[in-house]
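Participant: attaching a predicted model along with its sequence, questions to come.
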Amino acid sequence: MSKFFSVEEVAKHTVADDCWIIIHDGVYDVTGFLADHPGGKKILLKNAGTDATKKFDSFHNASVLTKLGAQYLIGKIGEPEAETAETDEVEDVNPLVVGKPFGDMVPYSDPMWYQDWYSPYYNDSHRAVRKAVRAFVDKEIMPFCHEWDEAKQLPRELYIKAAKAGILAGCIGEVSDPETMVPYGMPGGVAYKDFDAFHRLIVLDELSRCASGGVTWGLIGGLGIGIGPVIHFASKQLQDLVVRDCLSGEKNICLAITEPSGGSDVAGLQTEAKDMGDHFLVNGEKKWITNGVFADFFSVAVRTGKPGFGGISFLLIERSMPGVTTRQMNCSGVWSSGTAYITFEDVKVPKSHVIGKVDKGFKYIMQNFNPERIGCVIQANRFARVCIEEAITYGNKRETFGKKLIDHPVIRNKLANMIRKVEATHAWLEALVYQTTQMNPDLQAVRLGGPIALCKAQASRTFEYCAREAAQIFGGLAYTRGGQGEKVERLYREVRAYAIPGGSEEIMLDLGVRQSIKVGQFMGAKM
Ligand code: HEM
C-alpha cells in the first residue's frame, strides 16, 4: 500500500539534497535524479515542493513516469481511502454510447468499430482478439520500441512470448495441419478453425499500434512473407522442418527475392541455381532482405531455367549450409528488423529443398504478393492512424500564441485531411479483406490483384502524408529521436519501407490500372 502525503508536507522538500515533486498526484523524491535529469537539475529544483504536473506533461511522454519515474515514486497525495461497501447501484450510462467501445477514445485513433460504430465484419471473437493483442502490445512491446530500435535488434524472448500469445500464428495464412504445426492457441482463445481474415487483420493492426516498423517487420515481416511459399507449395517434409519451429518463435524465416540489380522487376532476377544432378549449386546476391540478419531459413527465388519469368524456382536454403553469408544493412528506418545483404557462394542445396515445382517460382511469387500487400496496407494505415492520435493528443496539451495547438484552425485542417485519408483507406481495406473471405482463391489473384495494388499505394501515400503533417505539428520534437516526438520521428523515417518494398507505389499504381482494364475487357466492358 502506498504512503500518503499532504501538499504541505511535500512543500518542505525543496533543496538539492532533499527534493520532492508532485506529478499526477504521485510524490517523487528526485534528489538522486537531479544530476541525471536530461532536462537539467535547475528546472527540477525550481519546481521542487510543488505540483509540477502541467509542466511535466508539456515536456514528456506519459511513459517516462512508468518507466523511469517509478523508481523515484515514494507515495501519493491525500489520505488512505476508507473501505467502501459494495452497492447494487447501476453505473451511469453514457447516452452517447451505442455499443461496446474499446480503446482510449481519442477520435480516429482506432477504427470506427472500436469507437462503437456498427460494423458487418466483426463479432465477439474479434473483440476478444483485439483485447488480447492490445494487452500484449501495451505490456511487452510499446515501452521498449525505442531502445530496441537503437540496439538494432529485438530480444529473442519477444519472439517466444509473441508465439505463446498466438501472435505469430495469427499473422500468417492457414497451415495445412494446425494440430502439429501450430504450437500454441490463437489470440483471444479463438479456435484455429474459426480464425478468419478479419482476426488476422486485427492482430497485425493492433501490433502496428506500437508505431515501429522495426518491430512489426522484425517480428512478423520475414515470417509472414517467407513462410507463404512453404505453407502453400512446399512438401510435407519441408513444412515439418520449418513451420512449427518458426511459429514457436525458436527460429526465423525470410523471403529472399530482391537483388542488388533490381527489385520490382522480379522476372529479371539473376541468382543462379545450377542443376548438378542430386543438388543445385547456388550463386548470387540478395539485398534488403527483411530478417535476413538472423534468419535460420531463406525462401529464395533463383534462376533455374531460361531468362524471364518462366525460369524461376524457389529453394529453401538453410543458414547452416556452407556458403551462406549475411550482413546488416544500414537503412533509414526499420532498424530492429535485421535488413540484410546476403551472398550465396557455391551453396549446395539438395533437390528435396525445392519449394513446389522447378521453374514455377514466378507463379508462387505472384500468389504471395496479395497477402504481403494487404499486410503492408494494414501496417501503413495503422501507422498513419498513430500519427493522428499523437498529433491530436499533443495538440491538446501544447500551447502556442496563448492557446492550445488544437484551437488553431490550421492545425485542425491538417488533422481533418489526415483523418479522411486514413478512414477511406481503412474502409477499402476492410472491403478487400471481406472479398478474400468470400471469393474463390483461384480468382483472387486476377480479380483482387489490381485493387490490392492500388490500395497499397493509397496506404503508403496516406502514411507519408500523415507522418509529414504530424511531424509539422510536433515541430522540433519530431526532428529528435526519443522523447515526446519518438513515434512520429521514427515513423517518418520508416515511410519508404512501405512505399517501396512489396511493389513500389509507381508499379502498384500502374499494375492496378492495367489489371483492372484487363478484367473489364474480360467482363465485356465497352471501352
Ligand atoms: C520523476 C520526474 C521526472 C522524470 C523521470 C523526468 C525524465 C525526463 C526524461 C527521460 C527526459 C528526456 C526526454 C524524454 O525522454 O521525454 C526529460 C526531459 C525534460 N524534463 Fe524531465 N523528468 C521529470 C520531471 C520533470 C519536471 C517536473 C520538469 C519540469 C518542471 C521536467 C522538465 C524537463 C524538460 C524541460 C526536459 C527537456 C525536454 C526537451 O528536450 O524538450 N522534468 N525528463
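Facilitator: Sure, I can see it.
Participant: assumed S320 was part of a strand.
Facilitator: No - S320: not assigned to a strand; according to DSSP: H, G, I helix; E, B strand; the rest coil it is coil.
Participant: after the helix or strand of the chain with the lowest mean pLDDT comes which helix or strand?
Facilitator: Of all the helices and strands that make up the chain, helix 63-67 has the lowest average by mean pLDDT, DSSP states H and E, namely a mean of 86. Going down the chain from helix 63-67, the next helix or strand is strand 73-77, by DSSP states H and E.
Participant: list the contacts of that following strand.
Facilitator: 2-7, 10, 20, 22, 25-29 (C-beta atoms under 8 Å, 6 or more residues apart in numbering). The C-beta positions use only the backbone N, C-alpha and C, and glycine is treated the same way.
Participant: tell me the residue of the stretch 301-450 of the chain that sits nearest the ligand?
Facilitator: Per C-beta to the nearest ligand atom, R398 is where the stretch 301-450 of the chain lies closest to the ligand, at 11.3 Å.
Participant: nearest to the ligand among the contacts of strand 73-77?
Facilitator: Once C-beta to the nearest ligand atom is applied, the member of the contacts of strand 73-77 that ends up nearest the ligand is Y28, at 4.3 Å.
Participant: what sits against the nearest residue to that closest one once chain neighbours are set aside?
Facilitator: Distances taken as C-beta to C-beta, 6 or more residues apart in numbering place Y72 nearest to Y28, at 4.5 Å, with adjacent residues excluded. Counting by C-beta under 8 Å, 6+ apart, Y72 touches Y28, D29, V30, G32, F33.
Participant: for the second one, give its distance to H13.
Facilitator: Noted for D29: a distance of 7 Å to H13, by C-beta to C-beta, to the nearest Å.
Participant: picking that back up, would you list the contacts of Y72 in CSV and tack on neighbour count and secondary structure?
Facilitator: Listed next are these as CSV, based on neighbours: other C-beta atoms under 10 Å; DSSP: H, G, I helix; E, B strand; the rest coil:
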residue, neighbour count, secondary structure
Y28, 24, strand
D29, 17, strand
V30, 21, coil
G32, 11, helix
F33, 17, helix
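Participant: for the most centrally placed residue in the chain, what are its contacts?
Facilitator: With distances taken as C-alpha atoms, centre = their mean, S208 lies nearest the centre of the chain, 3.0 Å away. Residues in contact with S208 (C-beta under 8 Å, 6+ apart) are T216, I378, Q379, R382, F383, V386.
Participant: can you pick the most crowded of those?
Facilitator: In terms of neighbours by other C-beta atoms under 10 Å, the contacts of S208 top out with F383 at 32 neighbours.
Participant: which pLDDT value goes with the residue nearest to Y28?
Facilitator: As predicted, Y72 sits at a pLDDT of 96.
Participant: what sits against the closest residue to V266 other than its chain neighbours?
Facilitator: Once flanking residues are discounted, V266 sits nearest to I365: 5.8 Å by C-beta to C-beta, 6+ apart. With contact taken as C-beta under 8 Å, 6+ apart, I365 is in contact with I257, V266, A301, I312, F314.
Participant: neighbour count added to those, as JSON lines?
Facilitator: Formatted as JSON lines, these follow (neighbours: other C-beta atoms under 10 Å):
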{"residue": "I257", "neighbour count": "23"}
{"residue": "V266", "neighbour count": "19"}
{"residue": "A301", "neighbour count": "26"}
{"residue": "I312", "neighbour count": "28"}
{"residue": "F314", "neighbour count": "30"}
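Participant: let me know the secondary structure of the residue in the stretch 1-150 of the chain that the ligand sits nearest to.
Facilitator: Nearest residue of the stretch 1-150 of the chain to the ligand: G39, at 2.4 Å (C-beta to the nearest ligand atom). Following three-state DSSP, G39 is assigned to coil.
Participant: ditto for the one 3 residues further on
Facilitator: Put simply, K42 is helix when judged by three-state DSSP.
Participant: and E486, what element?
Facilitator: Applying DSSP H and E, one finds E486 within helix 486-494.
Participant: give me every residue in the stretch 51-200 of the chain lying close to the ligand.
Facilitator: Counting by C-beta under 6 Å from any ligand atom, the positions of the stretch 51-200 of the chain adjacent to the ligand are A52, K55, F56, F59, H60, N61, V64, L68, G69, Y72.
Participant: can you rerun that using 5 Å?
Facilitator: A52, K55, F56, F59, H60, V64, L68, G69 (C-beta under 5 Å from any ligand atom).
Participant: for the helix holding E486, name the packing helices and strands.
Facilitator: Using 3 or more C-beta pairs under 8 Å, 6 or more residues apart in numbering; DSSP states H and E as the contact test, the elements touching helix 486-494 are helix 145-151, helix 213-216, helix 361-397, helix 441-474.
Participant: put the alpha carbons of the shortest one into PDB.
Facilitator: It stands for helix 213-216. Provided in PDB are the C-alpha atoms of helix 213-216 (Å, rounded to 0.1, in the frame of the first residue of the first chain):
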ATOM      1  CA  GLY A 213       8.100  -0.800 -38.500                       C
ATOM      2  CA  GLY A 214      11.300  -2.200 -36.900                       C
ATOM      3  CA  VAL A 215       9.200  -4.200 -34.500                       C
ATOM      4  CA  THR A 216       6.500  -5.300 -37.000                       C
END
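Participant: next, the angle helix 441-474 makes with the helix or strand just after it.
Facilitator: Downstream of helix 213-216, the first helix or strand assigned by DSSP H and E is helix 222-233. Relative orientation of helix 222-233 versus helix 441-474 (axes from the mean of the first three to the mean of the last three C-alpha atoms, to 10 degrees): 170 degrees.
Participant: for helix 222-233, packing partners?
Facilitator: Using 3+ C-beta pairs under 8 Å, 6+ apart: helix 222-233 touches helix 236-247, strand 253-256, strand 297-303, strand 312-318, strand 354-355, helix 361-397.
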